[in-house]
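1. please work out how this folds:
(chains A and B)
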2 protein chains.
Amino acid sequence: MTPGTAQKRWIVGVDLGGTNIVVGLVPIEGGEVMGFRTVPTDAQRGAKAVVDRIVAMVDEAITDVTASHGTTRDAVAGVGIGSPGPLDRKTGTVINTPNLGWRNFPLRDLVANQVKLPCTLDNDANCATYGEWWLGAGRGVSTLVGLTLGTGIGGGIVLNGEIYHGCSDVAGEIGHMTIDSNGRKCKCGNYGCLEQYASGPAIALRAVEGIEAGASTALVEMVDGRLDEITAATVYEATVQGDPYAAEVMKDTAKFLGAGVASIINILNPEMVVIAGGVTRAGDTLFEPLRAEVRRRAFRSAQECCRIVPALLPGTAGVAGAAAVFKRENYGAV
Amino acid sequence: MTPGTAQKRWIVGVDLGGTNIVVGLVPIEGGEVMGFRTVPTDAQRGAKAVVDRIVAMVDEAITDVTASHGTTRDAVAGVGIGSPGPLDRKTGTVINTPNLGWRNFPLRDLVANQVKLPCTLDNDANCATYGEWWLGAGRGVSTLVGLTLGTGIGGGIVLNGEIYHGCSDVAGEIGHMTIDSNGRKCKCGNYGCLEQYASGPAIALRAVEGIEAGASTALVEMVDGRLDEITAATVYEATVQGDPYAAEVMKDTAKFLGAGVASIINILNPEMVVIAGGVTRAGDTLFEPLRAEVRRRAFRSAQECCRIVPALLPGTAGVAGAAAVFKRENYGAV
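-> As a prediction, this is how the structure comes out:
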C-alpha cells in the first residue's frame, strides 16, 4: 500500500475545552472511539502551546491506532475540531472565547498546517449534540436538542440530521434563553438565563444561598463549614446520602430546567432532548421531576413525541461529534 | 382553451380565524392578493356552516378574478387553507381548536370535496409567517421567525425557505415560551408564557392592574370608567394622545417582548424577526424599546445579523402564506 492511497478508515475528533483537551479516532462508518486521550488545556500557557498540545495528541492517537491495526497515517481522513465559541466555521476562526482568552484565532488552519491533514471546526456544544445524535442517545432520531450542564449550559440543535447553525453560527445557545425576565444577571449580559439556574455553579450557588438563609443540611458538614467549596457534585452526593435539603435543591434544578425544556419543546417540537453533564449522574432524582415539570408545561402533542433522556457518551460525545462534522463536510452525509 | 388545460395562474388562499374568514387569489409567481374578501366566521353556527361559508367565498373569489381576466376556473391550481391548530397536516385534520370548538375535524377534505380543487392545510400562524417570507417583509431572507400579537401570540419559523413544523406540527409556538417561570398562568396550562405579557388582552390587563393599583391615566376617562373596556387598542390610542402611563405600559410590553425575542435570537439565530398584529401600529413606540431590550439581552453576533421589523402584509399575510404552502406542496418550491 503506497502512501496517500490507503483506504480511509478513521476521522480524528478533537474536543477542546477550557479545562481539558480530549482526542480520539472515530471509525468513518461510526463505532467506538479509539486511541482516546485527555490532557489539561493549560490555557494560561498561551494559544501556541494549546495548538502544539492538540497537534501532539492527534499525532500520538493516530500512531497508536494505525500501528495496532497494521496500517498507516494515510488511513486517517482528517481532523474535526470542536471548540468553545463564538466562531466562524467558514474561516475556521475562533472569534472570542473568554475561557481560553482567544480573539480571532485561526485555530483550524494552525492545526491543519501542523498535522498536515484537512481539518474542520465547529462549536463544542454543537459537536457534543451531534455526537449523541450520530453514535449515542439520538441514533436514528431526526430532530434533537442537546443540553450540556456544566460550568455553563451548552446547547445544540440537530434538524434532519444536520447541525442547525443559524445565520451567524450562534444558534443553539439554549443556556441563554431567559426563563425569568427580571431574574439573575448572567455573564452573557442577559437576565434570568437558564444557565443561571441549572448550570453546576448555579446549583451550588442556590444551595449556598439557602444555607445562608438558615436551611439545615448535611452539606455544611461535608465541606467543613467552607460553603464556597460546595459544588453541584457536593449537592448530588448529599442527595445520594438522603439529605432532604440537597434533594430540594436538585428538585428546584429540575423545575427550572423543566421550564426551559418545555419552552424548547413548544418552539422546536423535537423528537428528543438529550441532557449531558455531571449533574445527570443524579439519574431519576433529576429526570423524574424534570419530566413531570415538562408535562405540566409543554403542549401535549409536542411532549408526546419527545423523549427526554440522559446522554449516552459522557466524555466522548464531543470527540464523536467533531468527527461527525468532518464527515458531514467532507463526505456530504454522516 | 378547453377546460382542464388552461394554464394555472392563481392559488386561492384561505385564512380561517376565530373571528373572520379571509379569502383571496394569489398569482402563482407571487404578487398582489386579488379577489380579497372577508366575512365573520360565526363559529357558533357550527362546523358545517363554516365550511359552506369557506366554499362559497372561494367560489366567489375565483369567479370574480377569472371573469375579470377573461379566463376560467381551470386557471386556478388549488386552495391553501390556514387554520388554528393543533392540526395534522398529513390527513388535513384540525385536531383541536378551542376558538372554533372543533375536534378531529377533516377540514381540508371537506373543503376539497366541495370546491373540487386540491387543497392543503397548515397552521394559521405558520401561514402568516410564510406569507411575510414569500411576499412581505421577509422577501429574500433565508431564516425568519414570525410573531403575531393578537388575542394570543402566534408564532412561525421559516428555515431555508421552508416552514419548520417539528415532529408533530407543533413547532413555532413562541407565544408559549416561558419568560417568567413562576409567572402568570396561561390558558395553555403553562406559567409565565410570553403570551401572558404581550398579547392584546395581556397588555390591557396590565394596564388595568396598574390603574387599580392607583396609576393616574387618561385611559380611565377614555372608557368612561369602565375598566373592562380597555383593550390594547385603547392603550395604543392613549399613547398617541401623549398619556405617560399608557406609554409606560407599551414600554413594558416592548420589554417583555424583547426578553422573548432575545431568547429566540439566541436559540435560532435568524436573519429576521417579523412582528405582526394590531399592536405594531404603535410603530417606533413599540419597536424602539423592543430593539433596545434585545440589544441589552441577546448575543451580539446573533443580534447583529437579525433585523426586527413590522410585518408588511397586515390582513393578507395569512392568505398569501396559505397559498405559498399549497405552492410548496404541489410545485416543490415557492
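2. okay, residue A:2: pLDDT?
-> Among the per-residue scores, residue A:2 holds a pLDDT of 44.
3. ranges for the helices of chain A?
-> A:47-68, A:107-115, A:124-135, A:195-198, A:200-212, A:219-222, A:232-240, A:244-268, A:284-297, A:300-303, A:317-331 (DSSP state H).
4. give me the domain ranges for chain A.
-> Using automatic domain parsing, the domain parsing of chain A gives A:10-132+A:316-331, A:140-310.
5. which stretch among those domains comes nearest chain B?
-> domain A:140-310 (2.4 Å; Cβ to the nearest Cβ). Backbone N, C-alpha and C define where each C-beta goes, glycine included.
6. from the chain's centre, how far out does that closest one sit?
-> Centroid separation for domain A:140-310 versus its chain: 13 Å, with Cα atoms, centre = their mean, to the nearest Å.
7. near chain B, which residues of the stretch 1-150 of chain A are found?
-> A:86, A:95, A:142, A:143 (Cβ under 8 Å from any Cβ of the partner chain).
8. where's the dip in pLDDT among the residues you listed?
-> residue A:86 (86).
9. OK, contacts around that residue?
-> A:95, A:96, A:97, A:123, A:168, A:169, A:170, B:299, B:301 (Cβ atoms under 8 Å, 6 or more residues apart in numbering or on different chains).
10. of these, grab the buried ones for ChimeraX.
-> Burial among the contacts of residue A:86 is assessed by 16 or more other Cβ atoms under 10 Å in any protein chain shown; the matching ChimeraX selection reads:
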select /A:95,96,97,123,168,169,170 /B:299,301
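11. quick check: residue A:61 touching residue A:37?
-> Yes. Between residue A:61 and residue A:37 there is a contact at 6.0 Å, judged by Cβ atoms under 8 Å.
12. common neighbours of those two, please.
-> Both residue A:61 and residue A:37 are contacted by A:23, A:24, under the criterion Cβ under 8 Å, 6+ apart.
13. where in the stretch 201-334 of chain A is pLDDT low?
-> Within the stretch 201-334 of chain A, no stretch has pLDDT under 70.
14. near chain B, which residues of it are found?
-> When proximity is defined by Cβ under 8 Å from any Cβ, the stretch 201-334 of chain A lies next to chain B at A:255-256, A:259-260, A:262-264, A:266-271, A:296-299, A:301-302, A:304-306.
15. if we can go back for a sec, just flag the most distant two among the residues of the stretch 1-150 of chain A next to chain B.
-> Across the residues of the stretch 1-150 of chain A next to chain B, the longest distance by Cβ to Cβ is 30.2 Å; it joins A:95 and A:142.
16. between the helices of chain A, which one is nearest to residue B:198?
-> Residue B:198 lies closest to helix A:244-268 among those, at 15.0 Å (Cβ to Cβ).
17. tell me the angle of that closest one relative to helix B:244-268?
-> Helix A:244-268 and helix B:244-268 meet at an angle of 90 degrees, taking axes from the mean of the first three to the mean of the last three Cα atoms, to 10 degrees as the criterion.
18. between helix A:244-268 and helix A:232-240, how big is the angle?
-> 110 degrees.
19. pick the one among the residues of the stretch 1-150 of chain A next to chain B closest to residue B:216.
-> Looking across these and measuring by Cβ to Cβ, the closest to residue B:216 is residue A:86, at 46.7 Å.
20. how near is that closest one to residue A:101?
-> When distance is defined by Cβ to Cβ, to the nearest Å, residue A:86 is 15 Å away from residue A:101.
21. between the domains of chain A, which one is closest to residue B:227.
-> domain A:140-310 (25.4 Å).
22. which parts of the stretch 1-150 of chain A are strands?
-> Assigned strands in the stretch 1-150 of chain A, in chain order: A:10-16, A:20-27, A:34-40, A:76-83, A:87-88, A:93-97, A:102-105, A:119-123, A:144-149 (criterion: DSSP state E, counting those that start in this stretch).
23. just checking: what are the partner strands of the fifth one?
-> Just to be clear, that refers to strand A:87-88. strand A:93-97 (antiparallel) (DSSP bridges).
24. output the partner strand as PDB, nothing but the C-alphas.
-> C-alpha atoms of strand A:93-97 as PDB (Å, rounded to 0.1, in the frame of the first residue of the first chain):
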ATOM      1  CA  THR A  93     -11.600  31.000  13.300                       C
ATOM      2  CA  VAL A  94     -12.400  31.200  17.000                       C
ATOM      3  CA  ILE A  95     -13.900  34.700  17.300                       C
ATOM      4  CA  ASN A  96     -13.800  35.100  21.100                       C
ATOM      5  CA  THR A  97     -13.600  32.600  23.900                       C
END
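25. and the angle from it to helix A:107-115?
-> Going by the same axes, to 10 degrees, strand A:93-97 makes 120 degrees with helix A:107-115.
26. centre of the chain to strand A:93-97, how far?
-> Remark: strand A:93-97 is offset 17 Å from the chain centroid, using Cα atoms, centre = their mean.
27. can you give the contact residues for it?
-> For strand A:93-97, the surrounding residues in contact (Cβ under 8 Å, 6+ apart) are A:18, A:83-88, A:100, A:102-108, A:121, B:301.
28. and it with strand A:76-83, angle?
-> Using the same axes, to 10 degrees: strand A:93-97 against strand A:76-83 is 30 degrees.
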